[in-house]
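*Asks:* what follows is a predicted protein model with its sequence.
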Amino acid sequence: MDLHFGDSKPTDEEKAAVDALLGPPESSWEGADRSDADLRWARGGREARERRDLLLPGLHAINDRIGWISEGALDYLCRRLTVPPAEAYGVATFYAMFSVKPRPATVLHVCTDLACAASGAAELCAGVEARLGPGSGVHVERSPCLGLCERAPAALAIKSGDPVRTAVSAPATVEAAVLAASAPDSADEEPPTATAVPQAGDPGLTLLSRIGVADPASLDDYRAHGGYTALRRAFELGPAGVIREVTDSGLVGRGGAAFPTGRKWQATASQPDHPHYLVCNADESEPGTFKDRVIMEGDPFALVEAMTIAAYATGAHKGYLYLRGEYPRALHRLEHALAQARARGLLGDDVLGQGYAFDIEIRRGAGAYICGEETALFNSIEGYRGEPRSKPPFPVEKGLFGKPTVENNVETLVNVLPVLTMGAPAYAAVGTARSTGPKLFCVSGSVDRPGIYELPFGATLGDLLTLAGVRDRLRAVLLGGAAGGFVRPDELDIPLTFEGTREAGTTLGSGVVMAFDDTVPLPRLLLRIAEFFRDESCGQCVPCRVGTVRQEEALHRIVERTGAAAAGDIALLREVGRAMRDASICGLGQTAWNAVESAIDRLGAYE
């Protein structure tokens, strides 16, 4: 390991931020002031190297306290963890929420992605930038999706300090966004989470039944509404019994891949190598997706209970919850829920007095769509750039820290609770034979009642849009987010199941349903999708790194001209799209062409 440190020194504030996370340095090896006694040996080197996974939390600590990461601060963090500064610099520059260049203490992230773009994000950005110019003490950042699509357009203000302060403005006006940035404590409070659930209070709900009914900050209220019934049944069934119930229920992953959950759990549990790990993927960064945020904000104890069940079934004693950095309210709710669960014996060395030890650690992401891919997420937790790994080996064999790991997203995990409380046969009876159970859909765009909807698999796209109050002059519906595909207004009879959308030549993905009327300029929307994938490509493989740039360039040219002049670029788009789909390492490059292809072929976007 070649460690080359520069001459820059950290400020006292930067050192304090790192030391608050890692504790005071014990030797000069870790950056403490030298003393004669200390120089006779180098203590802490092996221990420091084993803490490489604290690099991302350390970068957060500096960025939260100072607002950016200086060379001196980065060097000090690297000394504490024995990480080469060049590698740490590569990690720090990988994430959009970090800066290695000086900037004001307050950063205002203004979403420019699909739902917000259709709701006036361009005008909002122009107005905010005009009001908060140089010298305002605020850095305005045009941001990808903030996960607030039901309240578009959206802005998130982050003011560094001890503690860091945040304020959300959504739906945002220029005045409200400026107030959130200049005086976060004076900004309007966010509305209750239940406002994102138009069906809140409906007795027929399963996954969303407690949102708007139970206090998300009260463990007692959660238990009064059925909480921890599923965990008690899990202990009665034993690990093998839990996996059998999940398998028999037909539950598949809700993140888009639709892999059978029971098979994944069984494959992890059967691995002889230990320890096993559980990772909850709460880094939903797909434009248009916000269902996991609503669950974490409105029913956080449900996720804690579900993670405990998954860990018990797969033989894991440590769980990581990888949370989007853009979700401050979800972070506070989950931290409170974990503290309450530990205090009441629901996490820790003896869960519910059953002799089973399990605890959960939250790790914050920092603005990288690619970290939604499971192996990229593992690299991020371990303190490396969030780049996907080649498979095999698969995570169930060698995942986080090279050990067997089960990874599920938030919606998949909370589905385990009704599986155990209802029983596998009753759960499997909901939905269709190949897509069982309830499904959450994120509806936004040109509808009167945007939000999260819970429907059984098999309901049609038209049924869902009728519930949401679709507006007149519907032009197109985007299913699955930026990685999904468009459908026409005459295709609303598509059944919302994994098999139904596949047969219709599209995808259900993570449950995004975004409606656009004829006031939305479709070519500009496609260009924004291309810009998103260009920005979010990790750059590891050539097909994606080059292909996403070529796709954006071609769409820029097409926007400026139509007809025969665009024919060559459309042919180029098809060739580039096929190359990305066939040769990219991970799903980002493989799906980056989907929405554009569907818009050309199904909607005639450039005719």
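*Replies:* Here it is on my side, so go on.
*Asks:* any idea of the pLDDT on residue 43?
*Replies:* We have a pLDDT of 57 for residue 43.
*Asks:* residue 582: neighbour count?
*Replies:* The number of residues packed near residue 582 is 10, by other CB atoms under 10 Å. Quick note: C-beta positions are derived from backbone N, CA and C, even for glycine.
*Asks:* cool, and the one 5 residues further on?
*Replies:* As a burial measure, the neighbour count of residue 587 was computed by other CB under 10 Å and equals 15.
*Asks:* now it, nearest residue through space, not along the chain?
*Replies:* residue 373 (6.3 Å; CB to CB, 6 or more residues apart in numbering).
*Asks:* that neighbour and residue 402: what is the separation?
*Replies:* Counting by CB to CB, to the nearest Å, the gap between residue 373 and residue 402 amounts to 18 Å.
*Asks:* which phi and psi does residue 456 have?
*Replies:* When read as degrees, to the nearest 10, the backbone of residue 456 gives phi -70, psi 150.
*Asks:* one step back: residue 373 and residue 402: who's more crowded?
*Replies:* residue 373 (25 against 12).
*Asks:* pretty sure residue 124 sits in a strand.
*Replies:* No - using DSSP: H, G, I helix; E, B strand; the rest coil, the assignment for residue 124 is helix, not a strand.
*Asks:* pull the contacting residues for the closest residue to it other than its chain neighbours.
*Replies:* Nearest non-adjacent residue to residue 124, counting by CB to CB, 6+ apart: residue 153, 5.0 Å away. Residue 153 makes contact with 110, 111, 116, 119, 120, 121, 124, 170, 171, 172, according to CB atoms under 8 Å, 6 or more residues apart in numbering.
*Asks:* top of these by number of neighbours, please.
*Replies:* residue 116 (31 neighbours).
*Asks:* one step back: part of a helix, is the residue nearest to residue 124?
*Replies:* No - with three-state DSSP as the criterion, residue 153 is coil rather than part of a helix.
*Asks:* distance of it relative to residue 88?
*Replies:* Counting by CB to CB, the gap from residue 153 to residue 88 is 35 Å.
*Asks:* also residue 368?
*Replies:* Residue 368 is 16 Å from residue 88, by CB to CB.
*Asks:* and residue 291, by the same measure?
*Replies:* Distance, residue 291 to residue 88, using CB to CB: 34 Å.
*Asks:* the two: which is more packed in?
*Replies:* Ranked by neighbour count (other CB under 10 Å), residue 291 and residue 88 place residue 291 first, with 28 against 21.
*Asks:* need the contact list for the residue most central in space within the chain.
*Replies:* Nearest residue to the geometric centre of the chain (CA atoms, centre = their mean): residue 283, 1.6 Å. Listed by CB under 8 Å, 6+ apart, the contact partners of residue 283 are 322, 323, 324, 365, 371, 372, 377.
*Asks:* need the three-state assignment for the last one.
*Replies:* It refers to residue 377. helix.
*Asks:* hey, which helix or strand in the protein has the poorest pLDDT?
*Replies:* The helix or strand of the chain with the poorest confidence is helix 45-49; it has a mean of 67 (mean pLDDT, DSSP states H and E).
*Asks:* setting the sequence-adjacent residues aside, check what's closest to residue 184.
*Replies:* residue 167 (3.8 Å).
*Asks:* quick one: that neighbour from residue 205, how far?
*Replies:* Residue 167 is 31 Å from residue 205, by CB to CB.
*Asks:* repeat that for residue 147.
*Replies:* For residue 147, the distance to residue 205 - CB to CB - is 21 Å.
*Asks:* what about the two, which has more around it?
*Replies:* Using other CB under 10 Å, the more surrounded residue of residue 147 and residue 205 is residue 147, with 26 against 18.
*Asks:* ok, which stretches of the protein are strands?
*Replies:* Counting by DSSP state E, the chain has strands at residues 106-111, 138-143, 155-159, 165-169, 276-282, 316-323, 359-364, 405-409, 438-445, 451-456, 474-479, 485-487, 512-517.
*Asks:* and these: which comes nearest residue 13?
*Replies:* strand 155-159 (15.0 Å; CB to CB).
*Asks:* strand partners (parallel or antiparallel) of the closest one?
*Replies:* Partners of strand 155-159 in the sheet, by DSSP bridges, are strand 106-111 (antiparallel), strand 165-169 (antiparallel).
*Asks:* out of those, which is closest to residue 136?
*Replies:* strand 106-111 (8.8 Å).
*Asks:* which other residues reach that closest one?
*Replies:* With contacts defined as CB under 8 Å, 6+ apart, strand 106-111 is touched by 67, 121, 124-125, 128, 132, 137-146, 148, 152-160, 172, 177, 180-182, 184, 326.
*Asks:* so where is the stretch 351-500 of the chain shaky, pLDDT-wise?
*Replies:* Within the stretch 351-500 of the chain, not a single segment meets pLDDT under 70.
*Asks:* ranges for the helices of it?
*Replies:* Using DSSP state H, counting those that start in this stretch, the helices of the stretch 351-500 of the chain run over 374-382, 410-414, 416-422, 424-428, 461-468, 498-503.
*Asks:* residue 296: which of the ones you listed is closest?
*Replies:* Closest among these, using CB to CB: helix 410-414, at 6.5 Å.
*Asks:* how far off centre is the closest one?
*Replies:* How far helix 410-414 lies from its chain's middle: 13 Å, per CA atoms, centre = their mean, to the nearest Å.
*Asks:* cool, and stretch 384-395?
*Replies:* For stretch 384-395, the distance from its own C-alpha centre to the chain's C-alpha centre is 17 Å (CA atoms, centre = their mean).
*Asks:* quick one: low-confidence parts of this structure?
*Replies:* Along the chain, segments meeting pLDDT under 70 span 1-3, 28-31, 33-48, 562-565.
*Asks:* list the contacts for residue 430?
*Replies:* 206, 436, 437, 438, 456, 457.
*Asks:* swap in residue 375?
*Replies:* 388, 389, 391, 395, 399, 586.
*Asks:* again, only this time at 6 Å
*Replies:* By CB atoms under 6 Å, 6 or more residues apart in numbering, the contact list for residue 375 reads 388, 389.
*Asks:* gap between it and residue 437?
*Replies:* For residue 375, the distance to residue 437 - CB to CB - is 27 Å.
*Asks:* please apply the same query to residue 89.
*Replies:* The gap separating residue 89 from residue 437 is 45 Å, by CB to CB.
*Asks:* what about those two, which has more around it?
*Replies:* Using other CB under 10 Å as the criterion, residue 89 and residue 437 rank with residue 437 on top: 23 against 16.
*Asks:* that one against residue 431, yeah?
*Replies:* Yes - with contact defined as CB atoms under 6 Å, residue 437 counts as touching residue 431 (5.4 Å).
*Asks:* residue 161: neighbour count?
*Replies:* 13.
*Asks:* ramachandran angles for it?
*Replies:* Torsion angles, degrees, to the nearest 10, at residue 161: phi 150, psi -170.
*Asks:* how about the contacts made by it?
*Replies:* Here residue 161 is in contact with no residue (CB under 6 Å, 6+ apart).
*Asks:* can you check residue 32 too?
*Replies:* Shown in contact with residue 32 (CB under 6 Å, 6+ apart): residue 25.
*Asks:* any idea how far it is from residue 237?
*Replies:* Noted for residue 32: a distance of 51 Å to residue 237, by CB to CB.
*Asks:* returning to that earlier point: with distance to residue 276 added, can I get the contacts of residue 153 in a markdown table?
*Replies:* Output for the contacts of residue 153, formatted as a markdown table (distance: CB to CB, whole Å):
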| residue | distance to residue 276 |
| --- | --- |
| 110 | 41 |
| 111 | 37 |
| 116 | 40 |
| 119 | 44 |
| 120 | 48 |
| 121 | 43 |
| 124 | 46 |
| 170 | 39 |
| 171 | 44 |
| 172 | 43 |
